[in-house]
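[1] pasting the structure only:
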Ligand SMILES: Nc1ncnc2c1ncn2[C@@H]1O[C@@H]2COP(=O)(O)O[C@H]2[C@H]1O
């Protein structure tokens with residue numbers, strides 16, 4: 001097996017110049033979340049995406065799906081639909097509020113109802129999907145957010161890459177990960193400690209809750225911080241450095257690539 005590659009297209013908790021919201025390209029053909037980072041792909045790169053896994057229905061994670069569908073629809077004529085994989089609750093939101101022929105055309109019926117550009121495919125917690133030309137194994141993990149949400153684990157050569165999705169403190173996640181070899185953990189920390197109450201209300205992490213979660217982590221895992229709100233990275237990192245002086249934490253950057261080894 002060739003090591004799966006991950007290209008970070010966006011990893012910010014919102015937008016500003018140089019800040020793109022969450023999107024990870026796995027190999028060339030699997031997109032994990034479809035935030036504003038999708039817009040940095042060329043048309044050719046977008047056309048190669050056959051699967052889109054969505055962690056939840058919030059706009060900063062899904063807005064790339066309708067725009068990408070419009071961009072690639074004519075180029076993908078004759079190819080199978082792009083499969084959009086998410087919890088049924090997430091797909092239901094997309095059907096009712098996005099692909100409703102009002103906010104956006106229903107690309108699950110275009111260009112023709114019998115050969116659409118998008119197909120919505122429900123997944124459940126614990127599913128292990130086999131996706132893409134490289135037959136990657138992707139497991140659906142629990143997340144605890146203000147709407148139904150998931151994280152993902154992708155199997156690498158010796159360990160798994162875990163992306164938490166948007167989540168607050170999540171004991172079920174650590175239960176699922178117990179005993180599993182991990183290569184990388186991409187974990188969200190949306191807010192600085194000064195916004196502790198907002199992090200709690202919106203079910204995100206801030207440094208204190210993140211530090212508490214990382215107690216579960218075995219040594220040797222490459223930890224990457226994601227979804228920090230624009231302008232808050234310095235405060236988040238300096239706070240975490242005080243709370244976890246012996247843990248190396250990497251701030252994820254758009255444009256970064258890594259291998260799941
Ligand atoms: N109760 C709240 N008060 C203020 N802002 C909120 C509240 N709930 C959610 N948000 C913001 O709305 C955003 C929606 O996307 P996020 O979950 O990334 O981050 C959320 C917060 O930044």
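    Arrived safely. These figures come from a predicted structure and were not determined experimentally. Residues are numbered from 1 along each chain as shown.
[2] What segments of the stretch 151-261 of the chain are strands?
    Residue ranges of the strands in the stretch 151-261 of the chain, as given by DSSP state E, counting those that start in this stretch, are 160-163, 182-188, 222-226, 249-251, 257-259.
[3] Using a markdown table, please lay out these together with mean pLDDT.
    Formatted as a markdown table, the entries for those read as follows, by pLDDT from 0 to 100:
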| stretch | mean pLDDT |
| --- | --- |
| strand 160-163 | 98 |
| strand 182-188 | 98 |
| strand 222-226 | 98 |
| strand 249-251 | 97 |
| strand 257-259 | 98 |
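[4] hey, where'd the helices end up in the protein?
    In the chain, the helices defined using DSSP state H lie at 43-47, 59-62, 64-72, 88-93, 171-177, 196-202, 207-213, 233-243.
[5] Select, out of the ones you listed, the one closest to the ligand.
    In this view, the helices of the chain are compared for proximity to the ligand by C-beta to the nearest ligand atom, and helix 196-202 is the closest at 3.6 Å. Just so you know, the C-beta spots here come from the backbone N, C-alpha and C atoms, and that holds for glycine as well.
[6] List, one by one, the residues from the chain near the ligand.
    Residues of the chain lying close to the ligand by C-beta under 6 Å from any ligand atom are 13, 58, 60, 166, 190, 198, 201-202.
[7] Pick out the most distant pair among the residues you listed.
    The two members of the residues of the chain next to the ligand with the most space between them (C-beta to C-beta) are 60 and 201, at 17.1 Å.
[8] Please identify which of these two sits among more neighbours.
    For residue 60 versus residue 201, the count of surrounding residues by other C-beta atoms under 10 Å is larger for residue 60: 22 against 11.
[9] Just the local confidence number for the more buried one, please.
    Looking at residue 60, its pLDDT stands at 98.
[10] that older thread, will you turn the strands of the stretch 151-261 of the chain into a markdown table that also has mean neighbour count and distance to residue 34?
    Formatted as a markdown table, the strands of the stretch 151-261 of the chain follow (neighbours: other C-beta atoms under 10 Å; distance: least, C-beta to C-beta, whole Å):
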| stretch | mean neighbour count | distance to residue 34 |
| --- | --- | --- |
| strand 160-163 | 25 | 14 |
| strand 182-188 | 23 | 16 |
| strand 222-226 | 20 | 15 |
| strand 249-251 | 16 | 22 |
| strand 257-259 | 14 | 18 |
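[11] correct me, but residue 4 touches residue 259?
    Yes - counting by C-beta atoms under 8 Å, residue 4 does reach residue 259; the two are 7.1 Å apart.
[12] what sits in contact with each of these two?
    Common contacts of residue 4 and residue 259, defined by C-beta atoms under 8 Å, 6 or more residues apart in numbering, comprise residue 156.
[13] Single out the residue in the stretch 51-200 of the chain that lies closest to the ligand.
    As assessed by C-beta to the nearest ligand atom, the ligand sits closest to residue 58 within the stretch 51-200 of the chain, at 5.1 Å.
[14] what about the residue positioned nearest the centre of the chain, distance to residue 200?
    Most central residue of the chain, judged by C-alpha distance to the mean C-alpha position with C-alpha atoms, centre = their mean, is residue 33 at 4.2 Å. With distances taken as C-beta to C-beta, to the nearest Å, residue 33 is found 23 Å from residue 200.
[15] Surely residue 193 touches residue 206?
    Yes - the pair formed by residue 193 and residue 206 meets the contact definition of C-beta under 8 Å, at 5.3 Å.
[16] The two: which is more packed in?
    residue 206 (25 against 18).
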